[in-house]
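> My questions are about this predicted structure, shown below with the sequence.
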Amino acid sequence: MATDADSPLAIVKGYRPGSLGRCTEMHALYYSRHAGFGSFFEGQVASGMAEFLQRAHRHYNGIWSLMHGERIVGTIAIDGEDLKRDAAHLRWFIVDEAYRGQGAGKRLLTDALAFCDRIGFPEVELWTFRGLDAARHLYEQAGFELAEECLGSRWGVSLLEQRFLRRSNGLQLSESDGFVSPEGLI
């Protein structure tokens, strides 16, 4: 009989039962250990993702789960609406520590950015903070560039926050191609 331990890692697009809880748990555990984040941060992840999941089915939004058998061991989301401009927001990107270093994070990021390119977003934005060198390396490999760095406390702790932008290398669709800007959907 096969067990989860025997199962290969798989990426599944769309909502999965437990997405909110598992994503929040992975973020809270990792960032409490590595950055001193606490309940404020955990609440931000949970409330933001809960709001997003109510509209995740819309054309400009996407969520992907890295699965090991039936267990969610990584997540990433593209929010095509919350920036209120013609740009995608990469959010809730995390891989369980036991599954890092196997290329799974790169696969999640690649799938999410391919979605952005297919939609035709001119840019993708993400916020992080200084010191997450492995993540920054992944972002830069995927074409992100540091656009802004400033002292802030959006996650409940004062640190150097960083905003990265990736200009699209995908097709730029027009209304004649059936493209409707996400701004028209809000």
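Nice, thanks for sending it over.

> contacts, neighbours, all on C-alpha from now
Will do.

> could you give the mean pLDDT of stretch 160-180?
Mean per-residue pLDDT for stretch 160-180: 65.

> now the helices: where do they sit in the protein?
19-35, 39-53, 104-119, 133-141 (DSSP state H).

> Skip the chain neighbours and tell me the closest residue to Phe52.
Asp79 (7.5 Å; Cα to Cα, 6 or more residues apart in numbering).

> my guess is the one you found contacts Arg58, does it?
No - contact criterion Cα atoms under 8 Å: Asp79 and Arg58 do not qualify, at 9.6 Å.

> Pick out whichever of those two has more residues nearby.
Applying other Cα atoms under 10 Å to Asp79 and Arg58 shows that Asp79 carries more neighbours, namely 23 against 14.

> quick one, what contacts the more buried one?
When contacts are counted by Cα atoms under 8 Å, 6 or more residues apart in numbering, Asp79 touches 52, 56, 60-62, 88-91.

> quick one: it and Asp86, what's the gap?
Here Asp79 is placed at a distance of 11 Å from Asp86 (Cα to Cα, to the nearest Å).

> beta partners for Leu159?
Leu159 forms beta bridges with Gly152, as assigned by DSSP bridges.

> Check the gap between Asp82 and Arg71 for me.
Computed as Cα to Cα, the Asp82 to Arg71 distance reads 28 Å.

> Share the number of residues neighbouring the nearest residue to Gly21 once chain neighbours are set aside, please.
Using Cα to Cα, 6+ apart and skipping the chain neighbours, the partner closest in space to Gly21 is Ala46 (7.6 Å). By other Cα under 10 Å, 19 other residues sit near Ala46.

> Okay, now the unreliable bits of this protein?
1-6, 169-186 (pLDDT under 70).

> Mind doing that once more with 80?
Applying pLDDT under 80 to the chain flags the ranges 1-7, 169-186.

> ok, Glu42 - how many residues close by?
For Glu42, the count of nearby residues is 21 (other Cα under 10 Å).

> Which positions in stretch 160-168 come out as buried?
Residues of stretch 160-168 classed as buried: 161-166, 168 (neighbour count, 16 or more other Cα atoms under 10 Å).

> my guess is Gly143 meets Arg136, correct?
No - between Gly143 and Arg136 there is no contact under Cα under 8 Å: 10.7 Å.
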